[in-house]
Structures are given as C-alpha cells and as structure tokens.
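Trainee: 3D, please:
(one chain, ligands or ions: 1)
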Amino acid sequence: MSKMRVYVMDNGININSLKMDLIACDNPNETFDFPSWTVLIMHSEGNVLFDCAAHQDPERQQLREIMENLKMKEEDKPVNRLAQIGIKPEGIDYIVLSHMHPDHYGFIDEFPRAEIIVSDDEFTYMVKDYALRRHPFIKDFEYFIGLELNWRLIPSHVKTEKLMDGVTIYNFGKGHSYGMLGLLLELDCGNKLLVSDAIYSSENIGPPVREPGICRNRKEWRETMEYILKLAKNLNAEIWYGHDNAQFKSLIKSTEGWYE
Ligand SMILES: [Zn+2]
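Mentor: Numbering: from 1, shown residues only. Alright, predicted model coming up:
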C-alpha cells in the first residue's frame, strides 16, 4: 500500500467574481467563477490539511465577496468533506496554511489537535496590519488572534522543510501576500506542487504573463511565479493552482477517489 492518499476537497464556488482581481483582462466588468478547495493528505505519519476554506459567519466575515459570491453548501465545509472520508477533526495533525487570507483560513479553529504551519513573514505582517487597523477584515482576524491556536511559523530563511516522507513545505516568499507556503507531494502517480494563490491559474502564466489584480507586490509576485515555474520543472511536478476552474474540474474529487 502507498504511504499516502491525497484527497481534493471541493469547498464551494465563487460565482460572478471580477475576473481582473485574479487575472488581468481587457474588460474590467468581466466576471467568472472560480473554486474554493482544500487538500487532505492522509499519510502513515499523520494527516495534513492544506488550507482551510472560507467561512461565512456574518459575525466574523466582512468581505462582501465571500458573503455574497461564495456558494458553499453544508457538505462543502471542510469538516463535512473530511467526515465523508472518515476523518474526524481530531484526526488532523497539521494544517499547512498557504497564507492568511479569509478564503484560506476560514475553519482553522475546528481542528483541536492541529499544528498550524504558516510563514513567519505572513503571520508577523498580518498581525502588524491588524494592530494598525489596515485589514479589510478586522473582525475575522480578531477572532483567530483571540483563540489559543497552536501556530508554527516558518522563518523566511527556511526555504524548504520536510514535513513527512514525500511531503515537503516550500516557502515561496512574497508577492500575492507577505509570505506564501506551498507543498510538494511526491506521489506514485507523479509529483504535485500545491501553490495556492502564489499563482491563481494557468492563465496568469501566459504567455503573455497576466498579473492578478489582487497582489501585494507585482515585482515580487512575478519573481515568485518564475521561481515556482522553475521549481516545478526541476522537480518534474504538476502545479496545482489556487483558483483555476478548468484545472479544478479535471481533478479527481474526494467524493470520487484519491491520488496516491
Ligand atoms: Zn484565494
């Protein structure tokens, strides 16, 4: 038996979103749909969740896009997707958080045993922004900071960290956010590089390169993207993009099967 199984979990779809937020396009009013999703790695050394979807609690959530555009059914919530596979919340050992945006950290508080791994730069600057009231989602962030979660921060000089046999954290650095983490999965079916929003979609790559509207620093975004493309080539890995609807449709979902 293979040492791990990888499940792609569907956590809803963002409909009628502005395309230019994710991919540069000529028409500023053009809208499109894109998926919200997470990945479970069921491994003989422990269970890992990559990202944690978006919640829609009106008490916490302030982003109009997530409250209005995200269509998320009850079964789409991470705990319910995991229940379908037979994994309880206590069964999650690690959550690797690609970054600290609300469509990726929504449910991190529902996993009591999990160590939550995030970039030190991301954590530090997001907390700073929060303290200075620069966030567009103050309430949401306040909720998490108030909880006693088990954080582990990956310093910026640590570029890779082996989490388990065949599972390696990659510290991609700045661009989309202050610090992006990715995950390399070495599977029998081929290597996968999970990059989350460091690259939203294959459409961003081009040619020509199409920058996203939502981006902390364009120069750093481009450098990070080029680094990821080189890395994927060297590792002979398929990139799994953050919000690529066409690619997501082509992946085997957790209700259908798994990768190993
Ligand atoms: Zn996202």
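
Trainee: Kindly report the residues of the stretch 1-150 of the chain close to the ion.
Mentor: Taking C-beta under 5 Å from the ion, the part of the stretch 1-150 of the chain that reaches the ion is made up of Asp103. All C-beta atoms are positioned from the backbone trio N, CA, C, and that covers glycine.

Trainee: Find the nearest non-adjacent residue to Val209, please.
Mentor: What sits nearest to Val209 in space, not counting adjacent residues and going by C-beta to C-beta, 6 or more residues apart in numbering, is Arg222, at 6.9 Å.

Trainee: what's the spacing between that neighbour and the ion?
Mentor: 18 Å (C-beta to the ion, to the nearest Å).

Trainee: what does the helix or strand where that residue lies rub up against?
Mentor: For Arg222, the element it lies in under DSSP states H and E is helix 218-235. The contact list for helix 218-235 (C-beta atoms under 8 Å, 6 or more residues apart in numbering) reads 170, 172-176, 180, 182, 184, 191, 193, 195, 198-199, 204-205, 209, 211-212, 215, 237-239.

Trainee: Pull out the buried positions in it.
Mentor: Of the residues in helix 218-235, Glu220, Trp221, Thr224, Met225, Tyr227, Ile228, Leu231, Ala232 count as buried by neighbour count, 16 or more other C-beta atoms under 10 Å.

Trainee: what mean pLDDT would you report for it?
Mentor: Across helix 218-235, pLDDT averages out at 96.

Trainee: then it to PDB, C-alphas only?
Mentor: Extracted C-alpha coordinates of helix 218-235, given in PDB (Å, rounded to 0.1, in the frame of the first residue of the first chain):
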ATOM      1  CA  ARG A 218       3.700  43.000  -8.500                       C
ATOM      2  CA  LYS A 219       7.500  42.600  -8.900                       C
ATOM      3  CA  GLU A 220       7.700  40.100  -6.100                       C
ATOM      4  CA  TRP A 221       4.700  38.300  -7.400                       C
ATOM      5  CA  ARG A 222       6.400  37.800 -10.800                       C
ATOM      6  CA  GLU A 223       9.700  36.700  -9.100                       C
ATOM      7  CA  THR A 224       7.800  34.200  -7.000                       C
ATOM      8  CA  MET A 225       5.900  32.900 -10.100                       C
ATOM      9  CA  GLU A 226       9.100  32.500 -12.000                       C
ATOM     10  CA  TYR A 227      10.700  30.700  -9.100                       C
ATOM     11  CA  ILE A 228       7.700  28.300  -8.900                       C
ATOM     12  CA  LEU A 229       7.800  27.600 -12.600                       C
ATOM     13  CA  LYS A 230      11.500  26.700 -12.500                       C
ATOM     14  CA  LEU A 231      11.000  24.600  -9.400                       C
ATOM     15  CA  ALA A 232       8.100  22.700 -10.900                       C
ATOM     16  CA  LYS A 233      10.300  22.000 -13.900                       C
ATOM     17  CA  ASN A 234      13.200  20.800 -11.800                       C
ATOM     18  CA  LEU A 235      11.000  18.700  -9.600                       C
END
